[in-house]
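In: predicted model follows, preceded by the sequence.
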Amino acid sequence: MKATVLNKYVTTRNLNYFLILVGIVFLLAELNRVSDFGIFLEASKDLQEGKNIYQIWYGVGFRYYYSPLFALILTPLTYIPNYLAASLWSFLGMALFIRTIYLLHGYILKTTEPGKLNGLFILSGITVIYANFHNNQMSAFLLWVIIESLEQVRKGHWSAGSIILALGINIKLIPLVLIPYLVYRKRYKAAITTLFLIVGFWLLPAIFIGWDFNIALLKSYWNYINPTLSQNVLDIDEPGLLSLSSLITTWFTDQFSLNELGLRRHFLVLSDKTIGIIIFSVRIVFILISLYFLKWPPFTKPRSHAHQLWEISYLCLVAPLIFPHQQNYGFFLILPALFYILYIFRNKIMHVKLWLRVLFILGLVLINSELIFGAYKKILLNYKVLTYGVLILMFVLTQLDPVKKEMQS
């Protein structure tokens, strides 16, 4: 009887409303927290004053990492209190996140208890979700850009998809991984239009700030994000950096950033040049692994909606691994992989061995270790524990091939 009464109220709609309510309460509790968004606003103010925003330190040793256009877009928000501007950005991010979850559901068959799936999904990725909204960061926007642009292209609205994708790439380069994907999937119009729009968005600020100033900003921006720069190769300037370049560097150097604990983590010491070659080679390997997810031959459609979600999950997951200077909130992009894996597990789409489920749980523990073992956060960052968890998640994802399942059934 009690279970029946409980099931009456624990419905999909009620669970989803509850999750939204929890999100709103969290944002209200963070209302006066400006955090990283304050850097964006200060950069926008400096841009209006004609300053080179890529040659200025903000806060305690932070830089502005985004495009001139984004700083220009934020101009209206500089005329209201910082906390209010940051709150508006947080609520926008939450709305985009909800939209992203809705779009992810569009890739799967009708599932039993989707509300419970959403609950497990949020719980599994709670650390990266919390990190994004607590720091008022860009990752919820970037994930929405990737999923929404693909949705628009999938529906035949390739121009809308191209605009969204090009704007996202202009603001932060990470969604760039979708352009080769669009070509591979024979979405030539969307890919070509996106490339033209990227150039257009780079040049657009010149209308408002002048051609010469815009070109100077773009040169400074490139000089700062240039992947060949030593700080972007070794990528250990800050203790919170967690991409592959950061992890691999810790294996082969005895160097530390100023704020790290200094606990030994290297196996041997190699030259910076050799480390750079190893990092470049590993990135190439991870890019080539995408062919396993995309399947052969190229220039064809995905085999199914589940296949497309599987391959998109990998592209999103690998992006923060191969791009340098990624902190915990950058791994917000692993969420489609979590969603896909949980969908497979809960709905018994294919037989999953016990050891793989245990491995997945281990990956979740490592990914969420900052919240689970918060007292040891500095140690966890020292050893890049979250990155190991993401690598485990990637391996689990490789084992859940929906195309192979379809061939067997």
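Out: On my side now, so go ahead. Numbers count the residues shown, from 1 in each chain.

In: please tell me the pLDDT value assigned to residue 377.
Out: Confidence per residue is given as pLDDT, and for residue 377 that number is 91.

In: ignoring the adjacent residues along the chain, who's closest to it?
Out: Distance criterion CB to CB, 6 or more residues apart in numbering; nearest residue to residue 377, sequence neighbours excluded, is residue 370 at 5.5 Å. For the C-beta atoms, the positions are set from N, CA and C on the backbone; glycine is no exception.

In: and the helix or strand hosting the one you found, which residues are buried?
Out: Using DSSP states H and E, the secondary-structure element containing residue 370 is helix 369-372. Within helix 369-372, the residues scored as buried using 16 or more other CB atoms under 10 Å are 369, 370.

In: which helices and strands does that helix pack with?
Out: Helix 369-372 makes packing contacts with helix 126-134, helix 377-382, helix 385-398 when contacts are defined by 3 or more CB pairs under 8 Å, 6 or more residues apart in numbering; DSSP states H and E.

In: need those in CSV (columns: distance to residue 297).
Out: Below are these laid out as CSV (distance: least, CB to CB, whole Å):
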stretch, distance to residue 297
helix 126-134, 35
helix 377-382, 43
helix 385-398, 20
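
In: so which of these is nearest residue 256?
Out: helix 377-382 (8.3 Å; CB to CB).

In: which residues of the stretch 101-250 of the chain score low on pLDDT?
Out: Low-confidence segments of the stretch 101-250 of the chain, defined by pLDDT under 70: 109-112, 228-232.

In: re the thing from before, surely the residue nearest to residue 377 meets residue 126?
Out: No: counting by CB atoms under 8 Å, no contact exists between residue 370 and residue 126, whose distance comes to 10.1 Å.

In: among the helices and strands packed on helix 369-372, which comes closest to residue 350?
Out: Taking CB to CB as the criterion, residue 350 comes closest to helix 385-398 out of the helices and strands packed on helix 369-372, the separation being 12.7 Å.

In: just checking, residue 213 is part of a strand?
Out: No: residue assignment for residue 213, taken from DSSP: H, G, I helix; E, B strand; the rest coil, gives helix, which places it outside any strand.

In: next, count neighbours for it.
Out: Counted with other CB atoms under 10 Å, the neighbours of residue 213 add up to 17.

In: would you mind measuring from the residue most central in space within the chain to residue 81?
Out: In the chain, the centroid-proximal residue (CA atoms, centre = their mean) is residue 333; its distance is 3.0 Å. Between residue 333 and residue 81 the computed distance is 31 Å (CB to CB, to the nearest Å).

In: contacting residues for the residue nearest to the centre of the chain?
Out: Listed by CB atoms under 8 Å, 6 or more residues apart in numbering, the contact partners of residue 333 are 139, 142, 143, 146, 174, 316, 317, 319, 320.

In: now swap in residue 398 and tell me
Out: 289, 292, 293.

In: swap in residue 35?
Out: Here residue 35 is in contact with 86, 134, 135, 136, 137 (criterion: CB under 8 Å, 6+ apart).

In: closest one to residue 29 out of those, please.
Out: When the contacts of residue 35 are compared for distance to residue 29 (CB to CB), residue 134 comes out closest, at 10.2 Å.

In: the closest one reaches residue 27, doesn't it?
Out: No: under the contact definition of CB under 8 Å, residue 134 does not touch residue 27, with a separation of 10.2 Å.

In: pop the domain breakdown of this structure in here.
Out: Taking automatic domain parsing as the domain assignment, the ranges for the chain are 31-105+137-225, 226-409.

In: okay, how far is it across the first one, tip to tip?
Out: Translated: domain 31-105+137-225. 31 Å (CA to CA, to the nearest Å).

In: residue 400 touches residue 353, doesn't it?
Out: No: counting by CB under 8 Å, residue 400 stays clear of residue 353, with 11.1 Å between them.

In: more neighbours: which of those two?
Out: Between residue 400 and residue 353, counted using other CB under 10 Å, the more crowded position is residue 400 (22 against 9).

In: that one: what secondary structure?
Out: Remark: residue 400 carries the secondary structure label coil [criterion: three-state DSSP].

In: contacting residues for it?
Out: 310, 340, 341, 344, 350, 352.

In: 10 Å - rerun?
Out: 306, 310, 313, 337, 340-341, 343-345, 349-350, 352, 356, 360 (CB atoms under 10 Å, 6 or more residues apart in numbering).

In: turn those residues into JSON lines, columns for distance to residue 47 and secondary structure.
Out: Putting the contacts of residue 400 into JSON lines (distance: CB to CB, whole Å; DSSP: H, G, I helix; E, B strand; the rest coil) gives the following:
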{"residue": "306", "distance to residue 47": "44", "secondary structure": "helix"}
{"residue": "310", "distance to residue 47": "41", "secondary structure": "helix"}
{"residue": "313", "distance to residue 47": "36", "secondary structure": "helix"}
{"residue": "337", "distance to residue 47": "36", "secondary structure": "helix"}
{"residue": "340", "distance to residue 47": "40", "secondary structure": "helix"}
{"residue": "341", "distance to residue 47": "42", "secondary structure": "helix"}
{"residue": "343", "distance to residue 47": "43", "secondary structure": "helix"}
{"residue": "344", "distance to residue 47": "46", "secondary structure": "helix"}
{"residue": "345", "distance to residue 47": "47", "secondary structure": "helix"}
{"residue": "349", "distance to residue 47": "49", "secondary structure": "coil"}
{"residue": "350", "distance to residue 47": "51", "secondary structure": "coil"}
{"residue": "352", "distance to residue 47": "51", "secondary structure": "coil"}
{"residue": "356", "distance to residue 47": "49", "secondary structure": "helix"}
{"residue": "360", "distance to residue 47": "45", "secondary structure": "helix"}
